[in-house]
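> Here you go, sequence then predicted model.
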Amino acid sequence: MSFATKKDEESGISTYYNNKTTVIQEARVFNESPISPRKCRALLTRIVYLLYVGETFNTQEATTLFFGTTKLFQHKDSALRQMVYLAIKELSETAEDVIMVTSSIMKDMQPNSEVIYRPNAIRALCRIIDPSMAQGVERFFKAAIVDKNPSISSAALVSAYHLFPHAKDVVKRWVNEAQEAVSSKSSGSFFGSSASTGSYLGWGGSSSSANSGYQTIPSMSFITQYHSLGLLYLIRQQDRMAVTKMIQQLGGGRSGAGTTLKNPMALCMLIRYAAKVMEEDPNVQKQMLELLEGWLRHKSDMVNLEAARVICEMKNVAPQQLTRSIAVLQLFLSSPKSTLKFAATRTLAALAVTHPTSVAACNIDLENLISDPNRSVATYAITTLLKTGNEASVDRLMKQISGFMSEISDEFKVIIVDAIRSLCLKFPAKHESMLAFLSGVLRDEGGYDFKRAVVEAIFDMIKFIADCKEQALSHLCEFIEDCEFTKLSVRILHLLGVEGPKAPHPTKYIRFIYNRVVLENATVRAAAVAALAKFGLNNIEAKLGKSVNVLLNRCLDDVDDEVRDRAALYLKVYEEPPLIQPYIKEESIYSLSALESKLVSYLSDPESLEQPLDVSAIPKISKEQAAKDSARPSTLETLGVPSTSKAATPPPPSAAETQSNYAQQLAEVPELATYGPVLSSSAKPSPLTESETEYQVSVVKHIFKEHVVFQFNVSNTIPDTVLEQVSVIMQPQSEGGLTEDFIIPVPTLTAATSPGIVYVSFTRENPEEYVQASFQCILKFISKELDPSTGEPEEEGYEDEYQLEETELAAADYIVPSYVTFASEWDRMRGGVSLTETFSLPAMESLKAACNSVIEILNMQPLGGTEDPQSPTVHTLQLSGIVAGGGGKVLVRCRMTYSKAQGVTLEVGVRAEQQAAADLVISAIGG
């Protein structure tokens, strides 16, 4: 396929020549008699070119072209026929009635066909047949898969791959043929096992060479093995045991020498399958590791590299298991091929995050790569050295980095900056040279992502290295003087507002901030006003406070309403100093996902709209926790992860996000629609079975105003069994407080559809009481075998039941963790309900164990880092929460002492807004 030159494009020749209208008009050449193969090939090339560059034909145009193309079947020219199939394949997605050409295509894909275009016919047939017709062409595909001609076999295997989603049952029956193709020890010519009469260079022939003088050209690629292995895995991917067996059979034993796979890409694919099996089933890790270590000695660099990469990315890999793979990667570091050096440095850079000491063995080779002409290789080398080097080498590395920062792209600059960010925290004593480097690159040219990475690195230094805080703030002040990125200016101004007032000389930052009010856009001006106010209100009695007041008054004349409103708000706080605590010094904010969930349920319930929204029931989190939830993952943590690996695992949802998801899920159950909003849900499911059992069940408890709903997540792990009418029978151990309403069973549950959800609803007889109860649980179902040929369950089954562990409705299910500033809130609630009890916990072996136990029993938010005792003998644990259903706030102060003789002695002080909430906490610890 030829593309127009730049000169042609400029002159407009290409635009006219490859114009859709022109092509459709010229399609009349398909109807000429006799057919001109050269003209038709040229036109078909232009049609395919237009489709490839994104041009679209409507249904009528595509259908006209499609059936015009099919008229060319009457001509025997091989090159024309190949082009016909290419056009048919592309047009079939848009054209109508394409199935009518099936018989012509099948004629060309007969096993006895001696034509070059048989592989093209197979690929085209796969695109146009209806899934219901797959069974009718099964015989042809089976024969093509085991054909000695690799091009035919590969075409059939790739077509089977595309057919699989639409005709799974049919393609699954081709597993023996695919197995034969992957195991074949000899392969014919890529262009044909023998040259056939009338074919160009003997392409596509598969019969006797009686009519030809051409000799068979042996194929050295063995590409068929790669395609057949992919199909085998696709068929068996749901059966982990079958995949494991396939890997062991094709792996070639411990040394890897006995493998029948000759194609390096097939071996790489097998290695990736082995990595996936190891990730899903750690029990086979030892066997797979032996195979991987055998592949490290393979003659193909590609296979060596893939095996080394997989070993380096294994979960919980021990340093001694890495020795061989690191040795292989070290050899690649001195390779003359840039691709090998790049792949090796990239893998080592990723490994250095978790195993820096193991990678340190390659430091000498990596230092040689710093001056590599390929800047990408040099970047990964320097990044790895930053993570593996010692404190003495930091200054030398910083000088080398400075030399080539101007030669690399922003993408690699970000990687370097993130590595330095990590190094700052590793060697705080070297913060001066690193801060000087970061402030220097901050003044260089660069895009937003690069500048953001530098600013965030400086933010981390301010947060974790107290000695450099003042100097770092000064560098940031200079940066915002000519910062072109509004987002970064706003973030820096916010940080100045938080850290500046605590500095020894806060006045020196005022000039930089007020300059932003005068010179910047409205967004930055508003942020500057907020930062200024924090300086003034944190020093309200001092001279600085009065000066800031004057500056804020000037802001009342600003042209932007947001700037004026902020200035007016903070001047009001000046007039009423008690407002400083909630507006300036407050350390907690509402959990945004919980607030969203509350607002959605409030707006969707017409009755609740008559009352104002009750924000007291919305849990709060600390600003530090909110920042942690919204923090982006560092590039350093995802560095060097190849595209074959799974995407970086997203952080687990926060408790409030989990609650919001459950509320949305329950709202979709019609039987629970009248229950109103969910007051609280379990933070995580509690398992009621062992993880290895054939039926796995976990429970989540949802508290409503007048009901309790138990959600059982049931999984069936047996692939050839279906469970019907799955339900859970709950028997309370003691009477009173709860009445069972109904059970919502799962109609059908297979391994593929697991987990299914069973709901059991109870009514709270007295919604004002917080009932605590224990239940025995039995899983009941009808078990049926699946017919292996049809995949349908048998008509007759048998009733069965499975004993589950007991589940409890406890105090923790009624309490939602919520952040507060403990000291001020404890004093505020002095006049409310107050209880104090003393408990002896002789079984506790440490204060840390006692803290963990109390937090788990009460499900409350530990405050101020008190969950980690600093002394082994005396400690005070501070907890906060909200009792669901109008129980209000509850604070707990646990004073505890530890001695080896008596264990832990615990004095629990509770302050709550309601008596029932305080009683609930005391009964939970006492129980």
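It's in.

> and Val277, how many residues sit next to it?
Residues lying near Val277 (other Cβ atoms under 10 Å) number 19. Quick note: C-beta positions are derived from backbone N, CA and C, even for glycine.

> and it, helix, strand or coil?
What DSSP: H, G, I helix; E, B strand; the rest coil gives for Val277 is helix.

> wait, isn't it in contact with Met246?
No. Counting by Cβ atoms under 8 Å, Val277 stays clear of Met246, with 9.8 Å between them.

> domain ranges for the chain?
Following the assignment in the TED database, the chain carries domains at 12-135, 249-316, 483-586, 655-809, 815-926.

> Any chance of a markdown table for the ones you listed, columns mean pLDDT and distance to Ser228?
Below are the domains of the chain laid out as a markdown table (pLDDT from 0 to 100; distance: least, Cβ to Cβ, whole Å):
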| stretch | mean pLDDT | distance to Ser228 |
| --- | --- | --- |
| domain 12-135 | 81 | 14 |
| domain 249-316 | 84 | 8 |
| domain 483-586 | 88 | 52 |
| domain 655-809 | 82 | 23 |
| domain 815-926 | 85 | 53 |
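
> Out of those domains, which gets nearest to Lys426?
Set against Lys426 and scored by Cβ to Cβ, those come closest in domain 249-316, at 20.9 Å.

> one step back: figure out which of the domains of the chain is closest to Ala167.
Ranking those by proximity to Ala167 (Cβ to Cβ) places domain 12-135 first, at 3.8 Å.

> got a list of contacts for stretch 737-753?
238, 669, 671, 707-708, 714, 716-719, 721-730, 732, 756-766, 769, 771, 773, 781, 786, 809 (Cβ atoms under 8 Å, 6 or more residues apart in numbering).

> Taking these, please make a ChimeraX selection of just the buried ones.
Burial among the contacts of stretch 737-753 is assessed by 16 or more other Cβ atoms under 10 Å; the matching ChimeraX selection reads:
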select :707,708,714,716,721,722,723,724,726,727,728,730,732,756,757,758,759,760,761,762,764,771,773,781,786,809
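
> Which ones among the contacts of stretch 737-753 lie within strands?
707-708, 714, 716, 721-730, 732, 756-764, 773, 781, 809 (DSSP state E).

> so how many other residues sit close to Ala392?
With other Cβ under 10 Å as criterion, Ala392 counts 9.

> Can you classify it as helix, strand or coil?
Three-state call for Ala392 (three-state DSSP): helix.

> What's the separation between it and Ala181?
Here Ala392 is placed at a distance of 58 Å from Ala181 (Cβ to Cβ, to the nearest Å).

> just Leu556 next, same as before
80 Å.

> neighbour-wise, which of these two wins?
Between Leu556 and Ala181, counting by other Cβ under 10 Å, Ala181 is the more crowded of the two (26 against 12).

> Can you tell me the element that one falls in?
helix 175-183 (DSSP states H and E).

> Ok, Val816 next?
strand 815-817.

> Gly710 pairs with what?
Quick fix: residue 710 reads Phe, not Gly. Lys701, Val760 (DSSP bridges).

> ok, now which ones touch Asp444?
Contacts of Asp444 (Cβ under 8 Å, 6+ apart): 405-406.

> follow-up on the earlier one: give me the contact list for the strand holding Val816.
Applying Cβ under 8 Å, 6+ apart, the set of residues contacting strand 815-817 is 617, 619, 655, 659, 680, 858-861, 880-884, 890, 920-921.

> ok, now with 10 Å
Contact with strand 815-817 is made by 591, 594, 617-621, 655-656, 659, 679-681, 683, 703, 770, 855, 857-862, 879-884, 887, 890, 917, 920-921, 924, as judged by Cβ atoms under 10 Å, 6 or more residues apart in numbering.

> tell me the contacts of Gly403?
Counted by Cβ under 10 Å, 6+ apart, Gly403 has contacts 370-371, 378.

> Nearest to Thr63 among these?
Ala378 (55.5 Å).

> Nearest residue to the closest one in space, please, no chain neighbours.
Asp372 (4.7 Å; Cβ to Cβ, 6 or more residues apart in numbering).

> My guess is the one you found contacts Phe342. True?
Yes. Counting by Cβ atoms under 10 Å, Asp372 touches Phe342, with 9.4 Å between them.

> Could you tell me which residues touch both of those two?
In contact with both Asp372 and Phe342: 379-381, using Cβ under 10 Å, 6+ apart.

> Buried ones only from these, please, as a PyMOL command.
Those of the shared contacts of Asp372 and Phe342 that count as buried under 16+ other Cβ under 10 Å are selected in PyMOL with:
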select buried, resi 379+380+381
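
> Could you export the shared contacts of Asp372 and Phe342 to JSON lines, including columns for pLDDT and distance to Ala42?
Formatted as JSON lines, those follow (pLDDT from 0 to 100; distance: Cβ to Cβ, whole Å):
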{"residue": "Thr379", "pLDDT": "84", "distance to Ala42": "47"}
{"residue": "Tyr380", "pLDDT": "87", "distance to Ala42": "47"}
{"residue": "Ala381", "pLDDT": "87", "distance to Ala42": "51"}
